[in-house]
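K.L.:
structure of the sequence below:
(3 chains)
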Amino acid sequence: MSAPLHHVIIGSGSAGFGAATTLRQNDDDCRITMITMDSLPFYNRYDLPQVFHGQHDWRELLDVPPAYYDDMRIALRRRSRVVDVDGTNQLVTLAHQESVAYDRLLVCAGGRGYLPENLTGFAGLMHGFGSFEAAMRLYRDLPKGGTAIIIGGDMIGIDLAMTLLDTGYKVSLIATPQTFWPHEVSDEERTQLFAAMTARGITVHKDHRPVGVSRKDAGKSRCCVTLDDGTEVAGDVVLPFCGLTSSVEFMLKAEVDIERGLLVTPELQTSNKTIWAAGDVCQIWRDQEKAYHFYHGWKNVRVMGELAARNMTGTHEVFDTDVEDRIAVDANGQISSTFWTH
Amino acid sequence: MMNKAGTDIQIAICGSAGDGTIASGDIMKRAAALMGYNVIAFDEYPPEIRGFGKCISRIRISSKQAYSLKEQSDVLISLNDSHAIPHAREVRDFGAVIYDDNLVSAVAEGGHMSAHINAAQVPYGFAIRQMSEQATNAARARNIVVLGYLAGLYDLPPEHFREIIKAKFAKKPQAVIDDNTKAFDAGLVAGQAVFKLDDVVVGAAGDEATGSKAVMMTGNGAVVRGFMEAEIQSYFGYPITPATSIMERLAVEMPPKGGNFLQTEDEISAIAAAIGAGYTGSRAATATSGPGLALMAEMLGLGVMAEVPVVVVVSQRGGPSTGLPTKTEQSDLNLAVFGGSGDAQRIVLAPTNVEGCYRCAGMAFDIAETYQTPVILLIDLYLSNRYETVVPSDEASFAPKPRIDVVADENAPYKRFAFTENHISPRALPGQAGLMHTITGLEHNELGRPNDAIHMDMSTKRHEKLNSAVHFPGLNVSKRFGDEGPVDVGILGWGSSFGEVLETMYEAQAEGIRCAAMKVVMLSPLPIEALKEFFADCREILVPELNYEGQFASLVSGALGKPVTRLNRATGSPMVVNEILEEVRRLSGQNQTPLSAAE
Amino acid sequence: MNERVKPVYLEEKLEEIRADGHQDFRSKSLPTWCPGCGYFSMAEGLTFALNRLGLDHKDVVVVSGIGCASRFPFFVSSYGFHTLHGRVLPVATGVKIGNDALTVVAVGGDGDAFAIGGGHIPHAARRNVDMTYLVFDNGIYGLTKGQASPTSALGFKTSSTPYENGDVPLNPLMMLLSYGASWVGQAYAGHQHQLADLITEAMAHKGFSFLRVLSPCVTFDKTDNTYGNLNMMVRTLPDDHDSSDKMAAMAQAMQADHPATGVYYQEQRPTLHQVMNATNDRAEGPGAAKTK
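P.N.:
Down below sits the predicted model:
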């Protein structure tokens, strides 16, 4: 009987969590370690807007109670940032100078929020929404009935915008090429979608691009976004929602092929036989098109994680999805996206 | 949890010797006392004098009075992961673990605290060392940085910390105070900036705030304070763990008041000199531990036989013999109550907390002089070294009362051991005219001259005179807590383990068990009437204590002729509330038979 | 209390006392010593000294251990404390510290002093507790009926050494000299007047005085320390003996086979009480220690 395998999963989002539970189901003896930069155990990011409905206790947000990890013998390493993966020696190095050896590695590190280059300098003045803490900070910093300025407006941002409108806030949206990410929309669809947004009450700025963010402490509003025609859009907080860019910087020495994301086979394996990837971090080979393709959305990401986990224990399943890439306005004027149905 | 409302949190700081672990625990508890909380704190030191052994400082801060440390801490701060890692499991669910997430050198897998925090605990990692170096150019101030972080995270008023830091380093150059303040402030900013995810809440001190009158004292410090307020005149001591600090503090405090302090050559000469001084009317005391008390046993018998007042503090540690010098235990009860040849009953007081140490010490000389016999103040290592907030008594409540001198009778020789109604003979002191007498360890008649035939009468006198001690004014010889009237389970405790007993009782009550607890402070003579009433009310009696042989259980069970259930622990550590609670649950669920099973 | 320096036999003082009618220091109790015991001389000597020094009953405390000699306090009309075997010195120290106005006389035999009590002597001596230690040395344990003691001679047959004592006896004078006693003397119960004088001098000395009194045990020692043998062995210190010369004192002390009586050594140095007062003064001053 050989020694139990050590499966290391980078990322504790939907893909990582799904993978961990699947691994435990399929291999009772293996060691499983999840590594995440988060402070909290897994919860569904799409629940974060609940913060604006009064949900301020993260314990109620958790997908499973903390005891689950002990029961399932899943070692959960939080507040740990991976700085390097050595693909030959099978070592993951963490920022605090600890090395973790793996037999099999699954990278589900997802992505960071993308910010257009001309706006990266203003990151410090903007609010994020990628974690419970960020959501609570936003809740704290947005005054009652205040205005949130959304730059871009990917599906996560639009989802939040709806909640903000429902809970008495105001929303201004400044369109960028990333608006409606990850959906590719035609101009006609765009016009429809913007109209639907305006009908809901969002102030849409679609003709000019944002070029700067500034803070004002005087006057009624506290910050503003400057457009390329000099207009200033005023508000209380600025939120960039310009899609995700895959978190791959720590994989540069892992001997895996990387494009915009980690390149994987339809079985979700990278070019390194001991490393798999799932979720927003990877691009999957599509034989019909002879091209690599990202798959986003809650359901896809979860399915990828579970499939990769099964493949790590010896199966050879191929990823396929029945989720269409479609965004539309429904009968009630609500914008709905197949990726964000939950 | 006992305290449902109000604040009740316990912070554990763990590091290596040299990290300043104990120092930061000290600052934390003093700041908490200034904030008006009740504080109990206990430090664990490594046994070696030098080296990098483990130090842990635990501080419990509560708005209501607490009686022991909690088994689980709410917050753990790691100043050294290799020492602190085993203690991560001591933190309760949704409590906080604070550690350095920016190491200077690589560690193997699992060598960092982040690997040992379970999913229910909340991790707070920040660059402690780096912050210390940026603030002070040295890593030495990490222990202060974490205090600032704690203050920032839990919104504690920083001015109290700064005040304590200034006082603590008052004798050092100003630069040291400045550096430490900078380190604190850096931590404070970081703590305020971090998003609080744990559910530890430090609220206001509340109605039962002790206010600025409370003083942090250890049990030993409380004994010293009680002695000084009672105007101790002579102290003779010999170093022995854990009583040594009593001697050392008296060595500092007595000389300015003109007191007589002497370190003797051994414990026998210490008690001998104390008895010699006691004979002259001087308020004399000594302090020791189990092994020293064993040496003193013969002398105690002399004190009893010759009816000389003396006060002996005994701080128990692990035994037998040299035993476990740095671990706590309650196994010298038999020695204290019975030690010495013959029927040598004396008065033994066993306070249950630091305030009790203070009060019993303050009253001990008065009791010894009233009953003209040795009084043993029986505490233990845990009490000796534990810090608690105590509100000192007003004015001079322990000051000696004026002495009523014996009047010499020209026509009759003075009878030092005269038979009287209360069996206490008026006592003359050397230097008083017309009242010369010799006292002796031999059996003697009323004049003090050797005499065998009178033995039964004198034995009666020496024993009966102690009866009224259970009613000594101002002394709580026993006290009952919890449900009144008939109960299912009564827990009988003594000494420091009563803290855990009381916490257990509150838990049991919360679970719906009819439960009462009684502490017995006077172990000799026993408050028999109060015990009889307690036994009558309780269907089951549980006696938890920190010794193997169940010494207190035997004492009480024997005195009342009734069986008890024993819970004996000799682990070197304080009792565990859950273990006592398990027994209480078990006993409460027993069939309702008239007789409970003795173990 | 009188300031005491090197004893002055003040005839005027003596006249005064005689005129008063001297205080009878004998107690009402009859001594329990055997007839002929050397200790009777000591009782005489002590009462003589107490009278000589003009001390009041009430200010004197006689402290003893256990043994024939230790029965002393019962036979003196003063305050007394009959303590435990070997523990007379620490108790006496406590009495003196408890009330420095008292005159403390510690009394014991050779077993009490040098066997079980041996560990306490160096400390009482080096501390210079202002008391007088009278050790009645008869080289035997009398009260328990005749066992060997630390000063029993080599070869002495006793009930615990029926085949002859094999332990080399201690030299008490050498011990006390090296322990730093500030007054060391030796006397012989057979020379009563000298004994009384030496007790007086010992008590007059301000500091720790040690007087060893050679004495026969008439009941249990019929062979060694008899009056006959002691009368022959005992001499007095040479007239030119310098009692401030410790080496000379030691040289005399080493002649154990020919024990000399007299004052072997004396010096003046601060007593424990003076040292403690000085400590207390320092503690009150600006350089005083702070409480921890």
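
K.L.:
what's the neighbour count on the spatially closest residue to residue B:189 that is not a sequence neighbour?
P.N.:
For residue B:189, the nearest residue in space outside its immediate sequence neighbours is residue B:152; the separation is 6.6 Å by Cβ to Cβ, 6 or more residues apart in numbering or on different chains. For glycine as for every other residue, the C-beta is placed from the backbone atoms N, C-alpha and C. Look at residue B:152: counted by other Cβ atoms under 10 Å in any protein chain shown, it has 22 neighbours.

K.L.:
quick one, what contacts residue B:152?
P.N.:
Under the criterion of Cβ atoms under 8 Å, 6 or more residues apart in numbering or on different chains, the neighbours of residue B:152 are B:187-194.

K.L.:
where does it fall, secondary structure wise?
P.N.:
Under the assignment given by DSSP states H and E, the secondary-structure element containing residue B:152 is helix B:142-153.

K.L.:
packing partners of the helix or strand that that helix is followed by?
P.N.:
The helix or strand immediately downstream of helix B:142-153 is helix B:158-168, counting by DSSP H and E. Packed against helix B:158-168, as judged by 3 or more Cβ pairs under 8 Å, 6 or more residues apart in numbering or on different chains; DSSP states H and E, are the following elements: helix B:21-34, helix B:142-153, helix B:174-193.

K.L.:
for helix B:158-168, give me every contacting residue.
P.N.:
Applying Cβ under 8 Å, 6+ apart, the external contacts of helix B:158-168 come out as B:23, B:26-27, B:30-31, B:34-35, B:144, B:147-148, B:151, B:177, B:180-181, B:184-185, B:188.

K.L.:
try 6 Å
P.N.:
When contacts are defined by Cβ atoms under 6 Å, 6 or more residues apart in numbering or on different chains, helix B:158-168 is touched by residues B:27, B:30-31, B:34-35, B:151, B:177, B:180-181, B:188.

K.L.:
same deal with stretch A:217-235?
P.N.:
Applying Cβ under 6 Å, 6+ apart, the external contacts of stretch A:217-235 come out as A:147, A:149, A:172, A:174, A:208-215, A:236, A:238.

K.L.:
the residue of the stretch 251-400 of chain B found nearest chain A in helix, strand or coil?
P.N.:
Nearest to chain A, among the residues of the stretch 251-400 of chain B, is residue B:327, at 31.5 Å (Cβ to the nearest Cβ). When the structure is reduced to helix, strand and coil (DSSP: H, G, I helix; E, B strand; the rest coil), residue B:327 reads as strand.

K.L.:
now do the residue lying farthest from the centre of chain B, the pLDDT please.
P.N.:
Relative to the centre of chain B, and counting by Cα atoms, centre = their mean, the farthest-placed residue is residue B:411 at 51.5 Å. In the prediction, the pLDDT value recorded for residue B:411 is 88.

K.L.:
give the helix, strand or coil label for it.
P.N.:
When states are read from three-state DSSP, the local structure at residue B:411 comes out as coil.

K.L.:
next one: it from residue B:434, what distance?
P.N.:
Using Cβ to Cβ, to the nearest Å, we find residue B:411 at a distance of 11 Å from residue B:434.

K.L.:
which one of the residues in chain A is closest to chain B?
P.N.:
Distances from chain A to chain B, computed as Cβ to the nearest Cβ, single out residue A:66 as the nearest residue at 3.4 Å.

K.L.:
please name the nearest non-neighbouring residue to that residue.
P.N.:
residue B:120 (3.4 Å).

K.L.:
any low-confidence regions in the stretch 351-500 of chain B?
P.N.:
Counting by pLDDT under 70, the stretch 351-500 of chain B has low-confidence residues at B:395-396.

K.L.:
just the strands in it please.
P.N.:
Counting by DSSP state E, counting those that start in this stretch, the stretch 351-500 of chain B has strands at residues B:374-380, B:387-390, B:438-440, B:478-482, B:487-493.
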